[in-house]
Structure formats: structure tokens, C-alpha cells
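Undergrad: everything below, folded, please.
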Amino acid sequence: MTEDASVATPPPPFKGGARLMADALSRRVETLLSDPKRRPVVLIALLVGVLLFSGLGWWLSRPPEIAVVEIQPGPVEIALSVVARVRPDNLVDVRSPNAGQVIRLLHDDGDLIAAGAPLAIVRSTVEQAQADANSARERAARAELDRAQLAFNRTRTLADRGFASAAALDEARATLRSAQAGLAAASAERRATAAQTREFTIRAPMAGVVLVRPIDNGQVISPETTLFQLGSRDDIELQADVDEAYGDVLRTGMEARAALSGSDEIFAARISEVSPRVDPTTGGRLIKLAPVEPASIPPGRSVDVTIIVARREQGIAVPRQTIIDASTEPKVYVVDANDRVIARAIEIADWPSLNAIIDSGLARGDRVVLAPADTRAGAHVRARAQAPISTPAS
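TA: Residues are numbered from 1 along each chain as shown. The predicted structure follows:
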């Protein structure tokens, strides 16, 4: 019974398979080495195999490669980037002091005009009639003055010859003075009416260019209606809204770099005014900048402006993706001299810049890991240096 069981139970599969394979391989190698002709080839094949297996083991066991940036302190700018709009230095909305109907427009958008040039004519039928009436009254008063002057001259001649009394002369003199006063009053009324009538010819209050003409011929207007918007021809300014948190550090005279949106051509500008008022709806403060050199830019054009708030001659800046826990306990991974990754606590400037400005925690020569998510503290790595950060932080 026992003998049948031993025959029926097969041996475990591949029991001793590795040893059998090794023995077979060893016998095969001995057979090949015993052949003088094949011995060199076999030895070379064995050597190559050993080298391949050794190289593969070294390749698989080596530390991972990590990109790092070496800290090199250099000039760093603390700057604020905003988008500004071009505005003429002087901007005037032209309105009519009187209501009426526009009967003639003399200029259109883009026209260059001189100070005092007529822009539009508003219908003034009633005022013109009043001016004509006052002119007629002035002529009547002048005629009355001539009559009074002649009467006085005759009375004085008669009085000198003894044919007219002193009372008659005084009466003639009083009549003459009354006529003179009447003429003066009539002339004043005519001038006042003429001045009012002239107000219906709308004139440019300054030299400049017509930016907007929002009305058309025949339109009825009121004193609140804007007829033209004029802008100064040469001088411009840049206006931008800055968040109140950063507007507090801006000062008149600060330097700035500006470029038209979509253009690489940069021109210099300076802050000319910082509004003391904060807009309660946007939380922003209005700032105005003036180009250092005269510039001809269409009003309304958008301009990318970088305001230089401060400069550090030996500053340190790193890409923001290197920062871990930036809002709570900022730190970076640094590769030490033994190629081990360590966590380093740092302090960063609270400023909206492209690169993080380091206040403390890093020094020259430190190797900062560019992608901290790809490794961990304590890991053994191979550092691959990238270009150092030496450009402005903005």
C-alpha cells in the first residue's frame, strides 16, 4: 500500500529546477571550455555577460536625477505690474450753455482744432430777434441823443444872445444828459444780447484734437448734452487702478517701464500722481504716470506698466513652484553636499511678483529643488543644475 502511494504521488514541479539548470549550464560551459577552439569565444561571452549584468544592476540602483537651481544673489527688482490706459493730459467735454437745436457741425472725430475755433452752431431764432430789437433801440437812442444835442446847442446859442432864459438852457442840458444815458443803456443791452447770441456758436476752449462727437445735425440739445470731447494734442498720461494693499507704497516720482500691449518696445515713465482716495466699490487707488520722453499714443490704448518699487543689489529670487506651504510655513527642498534632500524654512516677501523674493533662509551656492513634488526630504538624489535665477523678480 505504501509503495503504491509513493508511485502515485508525483514530485513537486520544478523541484531543484534552478540547481539542475545551473548544473546543466556548468556542464555545458565545461564542455565548451574543454574545446581549445571555442574557449576564447566562451570566455569573452562570459565576460560580456558579467559586465552587462553589473551595468544593469548599477543603472537600476543609482539615485534619481532631480533638477535644481543654484542660488546666485544679484540685482532683484521689487516691482508692481499693472495695465494702464492712455489719456490726454487735458480732457474737456464741450457743452452748450443754452438749449436749442444743432443746425451745423463744423468738425468731426480726429480733427485738429485751434483754441477758439467754432465747433458747432445752435439755432437761436429768439435770441437773434432780441438782438435785432436791441440794436434798433440803440439806433433810436442814438437818434434821440442827436436831437437832444441839437436842441441844447440852439438853446445855448439863444441864451448867449439873450433870447433864451437860463431855465430853458438847464432844461435842454438835462434832456441831453438823459439822451446820453439812454444811449448808454441801449448799447449795453445790445452788447449783452449779442454776447448771449454768440454763445450759440460753440467754440473750442483749447487747442487739441476731437476725440468724440456724439451728436448729429438736427439734434435737440440741453446744457447737459456733451457736444464734443477734446483732448490735448501732445501731452498724454497713463492711468491705472492699483489695489489699495499695494497703492500705499507707491510714491510720486517712482520709475516705471511701459510698453504698448502686444509690443516689445519699452519706454520710460514716472508716477506723476497717486490719488489719496480709495474707490469703495473696487478697493483701488488711481495712479497717473507720465512718459519721460514725449510720446504720441492714441487715447484709450492699453499699456503694460511695471513700476519699480525698490531694488536689491544682492537679492535672492526663486521660482514660486519651488515653495512648499507658501501660505503657512514656507520652505524649500535643498540638496546638501552629500546629495541628500533636506527641507529649509525660508521667509518670502509679501509681494505679487513672478518669482518669490527671499528675505531669509537661503544663501549663495544653495541648490534648490525646482520640482519638490518629485522627491521627499531625506532622499538621495543626483542634482542636475539649471540656469541660476538672476533676473528681476517681477
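Undergrad: which other helices and strands contact the helix or strand harbouring Ile307?
TA: Using DSSP states H and E, the element containing Ile307 is strand 302-319. Using 3 or more C-beta pairs under 8 Å, 6 or more residues apart in numbering; DSSP states H and E as the contact test, the elements touching strand 302-319 are strand 74-88, strand 236-243, strand 255-260, strand 355-360. Backbone N, C-alpha and C define where each C-beta goes, glycine included.
Undergrad: the longest one: partners in the sheet, and parallel or antiparallel?
TA: Each strand pairing with strand 74-88, determined using DSSP bridges, is listed with its direction: strand 236-243 (antiparallel), strand 302-319 (antiparallel).
Undergrad: pLDDT score for the residue nearest to Glu273 when sequence neighbours are not counted?
TA: What sits nearest to Glu273 in space, not counting adjacent residues and going by C-beta to C-beta, 6 or more residues apart in numbering, is Lys288, at 4.1 Å. For Lys288, the model assigns a pLDDT of 94.
Undergrad: tally of neighbours for Lys288?
TA: Lys288 is flanked by 17 other residues according to other C-beta atoms under 10 Å.
Undergrad: who's it bridged to?
TA: Gln239, Glu273.
Undergrad: residue contacts, it?
TA: Taking C-beta atoms under 8 Å, 6 or more residues apart in numbering as the contact definition, Lys288 lies against 237-239, 271-274.
Undergrad: most neighbours among those residues, which one?
TA: Counting neighbours by other C-beta under 10 Å, Leu238 comes out on top of these with 26 neighbours.
Undergrad: isn't that one right up against Ala269?
TA: Yes. Assessed by C-beta atoms under 8 Å, Leu238 is found in contact with Ala269 at 6.4 Å.
Undergrad: show me what contacts Leu238?
TA: Contact analysis of Leu238 by C-beta under 8 Å, 6+ apart lists 84-87, 258, 269, 288-291, 303, 305.
Undergrad: nearest to Pro73 among those residues?
TA: Distance to Pro73 across the contacts of Leu238 (C-beta to C-beta) is lowest for Val305, with 27.2 Å.
Undergrad: picking up where we left off before, most tightly packed of the strands paired with strand 74-88?
TA: Most buried of those by mean neighbour count (mean count of other C-beta atoms under 10 Å) is strand 236-243; its value is a mean of 20.
Undergrad: what's the next secondary structure element after that strand?
TA: Using DSSP H and E, the helix or strand that follows strand 236-243 in sequence is helix 244-247.
Undergrad: got the CA coordinates for that next one in PDB?
TA: Written as PDB, here are the backbone C-alpha positions of helix 244-247 (Å, rounded to 0.1, in the frame of the first residue of the first chain):
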ATOM      1  CA  GLU A 244      -5.200  99.500  -2.100                       C
ATOM      2  CA  ALA A 245      -2.800  97.000  -0.400                       C
ATOM      3  CA  TYR A 246       0.000  98.000  -2.800                       C
ATOM      4  CA  GLY A 247      -1.100 101.500  -3.500                       C
END
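Undergrad: roughly how far apart are Pro352 and Leu289?
TA: Distance, Pro352 to Leu289, using C-beta to C-beta, to the nearest Å: 18 Å.
Undergrad: the more surrounded of those two?
TA: Applying other C-beta under 10 Å to Pro352 and Leu289 shows that Leu289 carries more neighbours, namely 24 against 12.
Undergrad: now do the contacts for the more buried one.
TA: 84, 237-240, 256, 258, 269-272, 305, 307.
Undergrad: what of Val82?
TA: Here Val82 is in contact with 240-242, 287, 305, 307 (C-beta under 8 Å, 6+ apart).
Undergrad: just to revisit the earlier point, which member of the contacts of Lys288 is positioned nearest Thr322?
TA: Thr322 lies nearest to Ile271 out of the contacts of Lys288, by C-beta to C-beta, at 32.3 Å.
Undergrad: assign a three-state SS to the closest one, would you?
TA: With DSSP: H, G, I helix; E, B strand; the rest coil as the basis, Ile271 sits in strand.
Undergrad: surely it and Leu250 touch.
TA: Yes. Ile271 is within contact range of Leu250, at 6.2 Å (criterion: C-beta under 8 Å).
Undergrad: overlap in contacts, the two.
TA: Here Ile271 and Leu250 have 287, 307 as joint contacts, going by C-beta under 8 Å, 6+ apart.
Undergrad: I'd guessed Ile66 sits against Pro372; true?
TA: No. If you go by C-beta under 8 Å, Ile66 and Pro372 don't touch, sitting 9.4 Å apart.
Undergrad: what touches both of Leu238 and Ala269?
TA: Listed contacts common to Leu238 and Ala269 are 258, 289-291, 305; contacts here mean C-beta under 8 Å, 6+ apart.
Undergrad: returning to what we had before: let me have the contacts of Val82 in JSON lines, extended by distance to Arg137.
TA: What follows is the contacts of Val82, written out as JSON lines (distance: C-beta to C-beta, whole Å):
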{"residue": "Ala240", "distance to Arg137": "59"}
{"residue": "Asp241", "distance to Arg137": "58"}
{"residue": "Val242", "distance to Arg137": "62"}
{"residue": "Ile287", "distance to Arg137": "58"}
{"residue": "Val305", "distance to Arg137": "62"}
{"residue": "Ile307", "distance to Arg137": "65"}
